[in-house]
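S.K.: Predicted model, plus sequence, below.
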Amino acid sequence: MKLGTSLIIGGLLFALAIVVGLLAPWLAHTDPVMDANLMNAEEPPSWLWWFGTDAQGRDIYSRVVYGARISLTVGIVSQLVNSVIGVTLGLSAGYFGGWWDDIVNGLTNLMLAIPSLIFALAIMAVLGPGLTSLLIALGLTNWSFTCRIARASTLSLKSQGYVQAARVLGYGDLRIMITQLLPNMLGPIIVIGTLGMGSAVLAEASLSFLGLGIRPPFPSWGSMLSEARDQITTAPWLSVFPGLAIFLTVLGLNLLGDGLRDILDPQSRSRRT
């Protein structure tokens, strides 16, 4: 894909999801939870019901719009937690080395050996369903990739001349890590963070589909798919629109991450071309 195209398309899709989530109270036609009417159950898409209605007569369009809030909140917050944990562990391990590096490496290898969704399922089984539990589960599962990148970047940067100059000037270890090393590794951290948000959106949808995410009747794209699985042939609109919302959001984040990588790491672009 041409340079900038991925960034533009991905940025537009992600911005659209952000705008929809922020303006949900004004964009939605009805209350996604309270406005249920069995007289309007499973109405197909029409001028009155843009995305149709579900088995309780709730407006699918309004529920998809409000579902953007949950998916984006989970994606952004959980990835911020992952980034903080991963950068802190990777930066300190690469800088100090020794026994601390061995411990962090062992913990990282352990996390990489456990499927992240299985680990999240185990945490959710203990904490129970809900938004807070979901944020904790996803915030503790995918930091290992960020940690690996932060550690590798630190190992290559800490021997640079400007870091040695900072030591000569009397900078302490913490100041060197924050002011000299961290700013120079933000590029790959931002890229993997953007891609990680897409993975978090998919993970939230998967957990909600399995009944361990957002509790019904609150709208979540994954729980909407779970509720629609028995009517996938008789009322396909129940699953098409939340599925399309997941697809476009994750596609936008992946394209955005790809475009940011081309800008922040020109060498990766030259290798692909």
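M.R.: Thanks, I have it. These figures come from a predicted structure and were not determined experimentally.
S.K.: And for Pro216, nearest residue in space, chain neighbours not counted?
M.R.: Excluding the flanking residues, the one nearest Pro216 by CB to CB, 6 or more residues apart in numbering is Ser223, at 5.7 Å. For every residue, glycine as well, the C-beta is placed using N, CA and C.
S.K.: Surely that neighbour and Phe209 touch.
M.R.: Yes - counting by CB atoms under 8 Å, Ser223 touches Phe209, with 7.0 Å between them.
S.K.: any weak-confidence spans in the protein?
M.R.: Scanning the chain for pLDDT under 70 picks out 1-3, 265-273.
S.K.: what's near enough to touch the residue nearest to the spatial centre of the chain?
M.R.: Nearest to the mean C-alpha position of the chain, by CA atoms, centre = their mean, lies Met197 at 1.9 Å. Going by CB atoms under 8 Å, 6 or more residues apart in numbering, Met197 touches Gly75, Ile76, Gln79, Leu253.
S.K.: Which residues are in contact with the last one?
M.R.: Counting by CB under 8 Å, 6+ apart, Leu253 touches Gly10, Leu13, Phe14, Gly75, Thr194, Leu195, Met197, Gly198, Val201.
S.K.: Could you check how far Gln231 is from Ala36?
M.R.: To Ala36, Gln231 is 16 Å away according to CB to CB, to the nearest Å.
S.K.: Neighbour count for the two, which is higher?
M.R.: Neighbours were counted for Gln231 and for Ala36 using other CB atoms under 10 Å; Ala36 has more, 18 against 15.
S.K.: what ranges do the helices span in this structure?
M.R.: All helices of the chain, identified by DSSP state H, fall at 5-22, 24-27, 60-96, 98-113, 116-127, 131-139, 143-157, 161-168, 173-176, 186-209, 221-228, 237-264, 266-272.
S.K.: Okay, angle between the longest one and helix 143-157 too, please.
M.R.: Counting by axes from the mean of the first three to the mean of the last three CA atoms, to 10 degrees, helix 60-96 lies at 40 degrees to helix 143-157.
S.K.: how about helix 60-96: buried residues?
M.R.: Neighbour-count burial for helix 60-96 flags 60-72, 74-75, 77-79, 81-83, 85-95 (criterion: 16 or more other CB atoms under 10 Å).
S.K.: what's the angle from that helix to helix 131-139?
M.R.: Using the same axes, to 10 degrees: helix 60-96 against helix 131-139 is 40 degrees.
S.K.: With the fifth one instead?
M.R.: For helix 116-127 against helix 131-139, the angle by the same axes, to 10 degrees is 150 degrees.
S.K.: and helix 116-127, what other elements does it pack with?
M.R.: helix 131-139, helix 186-209 (3 or more CB pairs under 8 Å, 6 or more residues apart in numbering; DSSP states H and E).
S.K.: quick one: which of those is nearest Thr154?
M.R.: Among these, the nearest to Thr154 by CB to CB is helix 186-209 (11.5 Å).
S.K.: Buried residues, the closest one. List them.
M.R.: 187-209.
S.K.: Quick one: residues contacting the closest residue to Ala150 other than its chain neighbours.
M.R.: Using CB to CB, 6+ apart and skipping the chain neighbours, the partner closest in space to Ala150 is Gly90 (2.8 Å). Shown in contact with Gly90 (CB under 8 Å, 6+ apart): Val104, Thr146, Cys147, Arg148, Ile149, Ala150, Arg151, Ala152, Ser153, Thr154.
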